[in-house]
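Chemist: just a sequence and a predicted model for now, questions to come.
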Amino acid sequence: MKLRSSTLAFVALGLAAAGFAATFVDAAWQRERDAIQIAERSALAARLGLTDLALFTEARYTRHPSQADLHSAFQDHPVALEHFPTGSLLPPPASLVSHHERLDRKAAPPD
Amino acid sequence: MNAWIEKQRHLIDFTLASLARRKAKNLGLLLVYALLVFVLASVALYTHALRQEAAQVLKQSPEIVLQRMVAGRHDLIPPGYLEKIGRIRGVQSIEGRLWGYYYDPVVKANYTFMAPAAEAVKPGTLVVGPAVARSRGLAPGNTISFRAYSGKLFSFTVVGVLPHASELVSADLVLMGEADFRAFFEYPAGQHTDIALSVANPLEVRTVAAKLASALPDSRPILREEVLRTYASVFDWREGIVLALLSAAIFAFAILAWEKASGLSAEEKREIGILKAIGWETGDVIKMKLWEGGLISLTAFLAGFVAAYLQVFRFGAPLFEPVLKGWAVLYPRFELVPAIDGLQVATLFFFTVFPYMAAVLVPIWRAAITDPDSAMRS
């Protein structure tokens, strides 16, 4: 007997929905399985008083972003190249780049 | 009821046959649609899991960390600060912390050296983090030498490696005794890197921080909630960067989907005209097209989401890992614990499935209410 295409569509959608539901079950199962490891991690962080994740170790403001001083992007000197990409994506505030009025045009050239 | 179901099934049969007539075009659309959901879901799942991981691990971090600032820079805490803080009401415990950074030219990486108060490390010995042990090939019993910033060479015996499970927070740690730490960095006696405080009443943390700031004007209190917020924003920012880079692709898909869904081809218009001429009602035509939009968008959403989940949590997210996790010489090896945010999934569903359904509906309704004769002629 040839199956109707609507039946096939429902079977395919049912399988996809089952896969979708399975992701939630799998996530819960993995969390349950890793619960001891998660607790161990938290316990070590609590015992040693750790404040940051050891993800980026190359500079102190990336190793401990939460402990970095408030000027860390320009820490080496005020006009140092910025280490963060923010500067390339966002323009500086207008108040910082606005110039004083130019006076040279008003001054009469000396005879 | 049975008649209604049977009618819907016939409509679906007809819709699928109609889709099959333009197989390549519709399969292409389904593939691109699923790919878009896959990309968006991968980014959302990955960053949410990282945020959860950070929040989970750091929820036990010190309630307040007090730094001393000199000319905008972090400076050592001089003797006497601990006593001053001890007199502030609400402070439950105070601990002067000793930690610092050491650049190891052998592997060209930075380590975090620490003299923990909670763990007694014997003089001349070290406990190292898993990434340090891996990069330097260390095991308990090995000896390792570091040249201090003063130029002196110090040798230590490794007595332990921190567990792999804790690598996310301990990858680059080197734990040593207080005397060794002070000798290695030539730390002046009685001075500390910063101070960790705990507060008796969690509701008073902000008040205590304000008291600290007024009692010690050169200090900067960092609250645990600020630490957690920093990590939430770091990963939000990374998620935002990826989404900004992907925005061109998202717009391209939006145009494609809108074009496909809203602009009816002459063939489709004629099809609608014929259907109406042979007795289909406007409602039936709209239902048929709704089924078409629903089947395509739902299949794309489910397939894209499941593929994203497998990519992120079963195959280690090879596609987005470098952008979302970051990069470092000493990188912790860790597997993300899956965390799915229901609201995030619902938002993704809403913004990927509903616009497509809406885009399908409007032109069909317009075509379906026109006269069959003129629809067929056009």
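Modeler: Looks like it came in fine.
Chemist: run through the neighbouring helices and strands of the longest helix that chain A contains.
Modeler: The longest helix of chain A (DSSP state H) is helix A:5-33. Contact analysis of helix A:5-33 by 3 or more C-beta pairs under 8 Å, 6 or more residues apart in numbering or on different chains; DSSP states H and E lists helix B:2-21, helix B:282-309 as its packing neighbours. Any C-beta I mention is one placed from the backbone N, CA and C, and that applies to glycine too.
Chemist: pipe the ones you listed into CSV and attach mean neighbour count per row.
Modeler: Below are these laid out as CSV (neighbours: other C-beta atoms under 10 Å in any protein chain shown):
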stretch, mean neighbour count
helix B:2-21, 14
helix B:282-309, 21
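Chemist: worst mean pLDDT among the ones you listed?
Modeler: For those, mean pLDDT drops lowest on helix B:2-21, to a mean of 87.
Chemist: which neighbouring elements make contact with it?
Modeler: Partner elements for helix B:2-21 (3+ C-beta pairs under 8 Å, 6+ apart): helix A:5-33, helix B:282-309.
Chemist: outside of that helix, which residues touch it?
Modeler: Contacts with helix B:2-21, where a contact means C-beta atoms under 8 Å, 6 or more residues apart in numbering or on different chains, come from A:4-6, A:9, B:26, B:271, B:284, B:287-289, B:291-292, B:295-296.
Chemist: would you mind measuring from B:Gly316 to B:Glu204?
Modeler: 43 Å (C-beta to C-beta, to the nearest Å).
Chemist: more neighbours: the two, which one.
Modeler: Using other C-beta atoms under 10 Å in any protein chain shown as the criterion, B:Gly316 and B:Glu204 rank with B:Glu204 on top: 16 against 11.
Chemist: report pLDDT for the more buried one.
Modeler: Per-residue pLDDT puts B:Glu204 at 89.
Chemist: so how far is stretch B:88-104 from its chain's centroid?
Modeler: Mean C-alpha position of stretch B:88-104 versus that of the full chain (C-alpha atoms, centre = their mean, to the nearest Å) differs by 29 Å.
Chemist: ok so, going back, could you export the helices and strands packed on helix B:2-21 as a markdown table, including distance to B:Glu239?
Modeler: What follows is the helices and strands packed on helix B:2-21, written out as a markdown table (distance: least, C-beta to C-beta, whole Å):
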| stretch | distance to B:Glu239 |
| --- | --- |
| helix A:5-33 | 19 |
| helix B:282-309 | 14 |
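Chemist: nearest to B:Thr143, of those helices?
Modeler: helix A:5-33 (37.5 Å; C-beta to C-beta).
Chemist: average pLDDT for that closest one?
Modeler: For helix A:5-33, mean pLDDT rounds to 92.
Chemist: and it, what's buried?
Modeler: A:Ser5, A:Ser6, A:Ala9, A:Ala16, A:Gly19, A:Phe20, A:Thr23, A:Asp26, A:Ala27, A:Gln30 (16 or more other C-beta atoms under 10 Å in any protein chain shown).
Chemist: the inter-axis angle of that helix versus helix B:2-21?
Modeler: 90 degrees (axes from the mean of the first three to the mean of the last three C-alpha atoms, to 10 degrees).
Chemist: okay, the angle between helix A:5-33 and helix B:282-309?
Modeler: 30 degrees.
Chemist: so for stretch B:101-117, mean pLDDT?
Modeler: On average, the pLDDT along stretch B:101-117 is 91.
Chemist: returning to that earlier point: between the helices and strands packed on helix B:2-21, which gets nearest to B:Lys59?
Modeler: Closest approach to B:Lys59 among those is made by helix A:5-33 (15.6 Å; C-beta to C-beta).
Chemist: any idea which helix or strand comes after that closest one?
Modeler: Using DSSP states H and E, the helix or strand that follows helix A:5-33 in sequence is helix A:35-48.
Chemist: how does chain A divide into domains?
Modeler: A:1-50, A:52-92 (automatic domain parsing).
Chemist: need those domains in CSV with distance to B:Tyr103, can you?
Modeler: Formatted as CSV, those follow (distance: least, C-beta to C-beta, whole Å):
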stretch, distance to B:Tyr103
domain A:1-50, 20
domain A:52-92, 10
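Chemist: tell me which of those lies nearest to B:Phe350.
Modeler: So among the domains of chain A, domain A:1-50 is nearest, using C-beta to C-beta, at 15.3 Å.
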